[in-house]
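Novice: Next input, structure requested:
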Amino acid sequence: MQTTMLDAFARAIDQIAHDSRFAGVEIVQHNARRGRHSTQFSVMIDREGGVDLATCERIAGAINAGLDGYDELYTLEVESAGLNRPLTKPGDYERFAGRDAKIVTSLLVQGSKTHRGVLRGVRGTNVILETGKGELPLPLATIDRANLEYDVRFDLKRDKKERKSKNHA
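Specialist: Below you'll find the model as predicted:
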């Protein structure tokens, strides 16, 4: 059975996730899209403290090496998840509890499909979002997409706390 370039891409992504050289790097999402004359591959990564260009280049190099034996044309984009990082799995809602988020649901919840607030984690099958009107449970099954919403005040408060704790130590 002959493997396709798409299979090779999936294998390369899986190998990166288990490679000690990329410890701490999370593959947030990846996509392959066939065009008429080439295939477009995209990979979004994240890491505690952020992702630098060198990490993106190393990931791209590993994927390119996995695709090396194929004659088909392709493009590859490796990017950081960024400040408005997508929330793609239930664990993300726990990991980023306390952060501002925007969640879009497939069904109306309290008269709206777009919800903004502070993540409070997951309870049962619901993501809990703290809004101006109180806690809003959003069923995981109805979430179309979600992402953090960067708030510079969060970073300023964290930096102030860190400076304060260093001065008292």
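Novice: Identify the residues contacting the top helix by length along the chain?
Specialist: In the chain, taking DSSP state H as the definition, the longest helix is helix 152-168. Contacts with helix 152-168, where a contact means CB atoms under 8 Å, 6 or more residues apart in numbering, come from 99, 100. For every residue, glycine as well, the C-beta is placed using N, CA and C.
Novice: ok, 10 Å please
Specialist: 83, 98, 99, 100, 118, 148, 151 (CB atoms under 10 Å, 6 or more residues apart in numbering).
Novice: who touches the spatially most central residue of the chain in this structure?
Specialist: In the chain, the C-alpha closest to the average C-alpha coordinate belongs to residue 28, at a distance of 3.7 Å (CA atoms, centre = their mean). Counting by CB under 10 Å, 6+ apart, residue 28 touches 43-46, 51, 79-82, 85-89, 92.
Novice: Repeat the analysis, applying 7 Å as the threshold.
Specialist: Going by CB atoms under 7 Å, 6 or more residues apart in numbering, residue 28 touches 44, 45, 46, 81, 85, 86, 88.
Novice: Residue 46 is in contact with the fifth one, correct?
Specialist: Think residue 85. Yes: if you go by CB atoms under 7 Å, residue 85 and residue 46 touch, sitting 6.1 Å apart.
Novice: any idea how far residue 122 is from residue 45?
Specialist: According to CB to CB, to the nearest Å, residue 45 stands 23 Å off from residue 122.
Novice: following the longest strand seen in the chain, which helix or strand comes up?
Specialist: The strand that spans the most residues within the chain, counting by DSSP state E, is strand 112-123. As assigned by DSSP states H and E, the chain's next helix or strand after strand 112-123 is strand 126-131.
Novice: Neighbouring strands - and their directions - for the helix or strand following that next one?
Specialist: As assigned by DSSP H and E, the chain's next helix or strand after strand 126-131 is strand 134-139. In the sheet, strand 134-139 lines up against strand 126-131 (antiparallel) (DSSP bridges).
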